[in-house]
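[1] The sequence and its predicted three-dimensional model are supplied below.
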Amino acid sequence: MLIGWDGRRRIVWAVDAAALALGLRPGMVATQAQALVPGLVTHDADPAADDAALDRLALWVLRHYAPVVAADPPDGIAIDASGAAHLSGGETRMLAELVSRLTAAGVQARAAMAATYGAAHALARFAAKPTAVVANDATKAALANLPIATLRLSPDLVTSLRRMGFDRIGELAAQPRAPLALRFGPEPSRRLDQAHGRLFEPISPIRAAALIEAHHDFVEPIGAVETLTRYIGRLVVDLCARLDEQCLGARRLDLRFHRVDSHIEAIRIGTVRPTRDVGRLTRLLCDRLETVDPGLGIERMTLAAPITEPLAYRSAATRLSDAAEPDVTGLIDSLLNRVGAEYLYRLTFVASDVPERSVRKVAPLSGPTLGRWPQHWPRPTRLLARPEPIDTLALLPDHPPTHFTWRGVRRRVKHADGPERIYGEWRHRDAELTAVRDYFQVEDDTGQRFWLFRAGDGEDADTGSQRWFLHGVFG
């Protein structure tokens, strides 16, 4: 338990799970807590060190997840990921990865994404398990059943509202504004408007001390796409010149548009290799301009490179007879920023007899891998993510099916080859010690070819359920 100062009082600053189970709570007078739990182990709180650690964590999030990040003391981080979630595979996948990486580092975290900062703040603390993503049109419903303490009201104001019978945000939001403001002041209405998106709430993004960046301020706000494109090109030239001075290449760029209403629009792009190619970086940034809302005008543009790497030069050819190696990094960068990193990969061989374990995804430009798939038995060109059950009829134990029904379509088997027996891998789990699969290549009367298997050897129930599945499609 941590003990800190509130004015002249020593209070409980923070508690762990064991202290919570004993009835101790933050804000409790320290002497009361020590009287309730004899022998309580306490430590002095260090708010300055906590704030510094939170800033470092915010900078880490800035580098890896979003271009607009702010620390939200004492225990939160505000992230505007509207222009960057696509690089992490979407909002849901981004939050899951963020929480997973923090958990692996020993930081327990919950995260939520919503249309407003106020809503995300409330949902992260009272609804995320451990993540939650709420659509823009579902914000009101998601907030209705949350306690009023999630509106970031002062403790005294929360106590006064509860005495009047207000426990949930929905109950407070249903009240007329004038009597509410007369009795409790403007704060409840302001927080409600911020949470529901009726009142804009700016955040002050954190900035790394050694960040390489370029910016441009405008005398008059701009908003035309052509003007934005022109200044993006200028910023890229300036930034690449600064990268060149340090022999670095950019792996990630953040372009922030500061609007006149204090709102920040941002876009983020990534590259598979460090680069200072002005044309490519300009094109990638301009391709994302359609996601930017200039509002009433943009008064400042800032381009930063949060992730950089040493840039190794490579000559196109060492001799006149040498052919230059094809460079596909430009194409990969374009696809990466349009469809997301999760959809761009290569497949490589993994030493495993089980088909779904014999492949894994690697980065598009990763080096060559050792090993090849076995050639003695053909494999389908399309392997399903999971084997799908089918209805079929076959003579046990070694005969192929005469027909099968998959996804509602009944198909008659015209030709078949097999079985190919594949044994389970006991090193993964005990259930595979005796498990087998018998695979068949079959062709229906329309010429389509499929890869089917029976779970089990057709005789012993310990080897599998004896049910049939479709695992892949040829051609």
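    Received the coordinates, thanks. Numbering: from 1, shown residues only.
[2] quick one: the helices in the chain?
    17-21, 30-36, 47-64, 91-104, 117-126, 139-144, 155-163, 169-173, 177-184, 187-196, 225-245, 278-287, 329-339 (DSSP state H).
[3] If I look at Arg372, what pLDDT would I see?
    Looking at Arg372, its pLDDT reads 68.
[4] How about Phe404?
    95.
[5] which residue packs closest to it, ignoring adjacent ones?
    Thr392 (3.8 Å; Cβ to Cβ, 6 or more residues apart in numbering). Quick note: C-beta positions are derived from backbone N, CA and C, even for glycine.
[6] burial measure for that neighbour, as a count.
    Here the count is done by other Cβ atoms under 10 Å, and Thr392 has 22 residues near it.
[7] which residues does the residue most central in space within the chain contact?
    What sits nearest the mean C-alpha location of the chain, by Cα atoms, centre = their mean, is Met94, with 0.4 Å. Neighbour list for Met94: Tyr65, Ala81, Ala85, Ser88 [criterion: Cβ atoms under 8 Å, 6 or more residues apart in numbering].
[8] thought the second one was touching Gly90?
    No. Counting by Cβ atoms under 8 Å, Ala81 sits too far from Gly90 to count as a contact (10.1 Å).
[9] the more surrounded of these two?
    Per other Cβ under 10 Å, whichever of Ala81 and Gly90 has more neighbours is Ala81, with 22 against 14.
[10] and the nearest residue to that one once chain neighbours are set aside, how far is that from Val339?
    Residue nearest to Ala81 in three dimensions, not counting chain neighbours: Ala66, with 4.3 Å by Cβ to Cβ, 6+ apart. Ala66 is 19 Å from Val339, where distance means Cβ to Cβ, to the nearest Å.
[11] Then Gly223?
    Taken as Cβ to Cβ, the span from Gly223 to Val339 is 28 Å.
[12] Looking at these two, which one has more neighbours?
    Gly223 (16 against 12).
[13] who's in contact with the more buried one?
    Contacts of Gly223 by Cβ under 8 Å, 6+ apart are Pro294, Gly295, Leu296, Gly297, Ile298.
[14] so which of these is the most crowded?
    Highest count within the contacts of Gly223 by other Cβ under 10 Å belongs to Ile298, 25 neighbours.
[15] between the helices of the chain, which one is nearest to Ala435?
    helix 91-104 (30.0 Å; Cβ to Cβ).
[16] From the chain's centre, how far out is the closest one? Work that out for me.
    6 Å (Cα atoms, centre = their mean, to the nearest Å).
[17] Give the rounded mean pLDDT of it.
    92.
[18] Helix 47-64 and that one, what's the angle between them?
    130 degrees (axes from the mean of the first three to the mean of the last three Cα atoms, to 10 degrees).
[19] longest strand of the protein?
    strand 409-423 (DSSP state E).
[20] Just checking: what are the partner strands of that one?
    strand 401-406 (antiparallel), strand 436-444 (antiparallel) (DSSP bridges).
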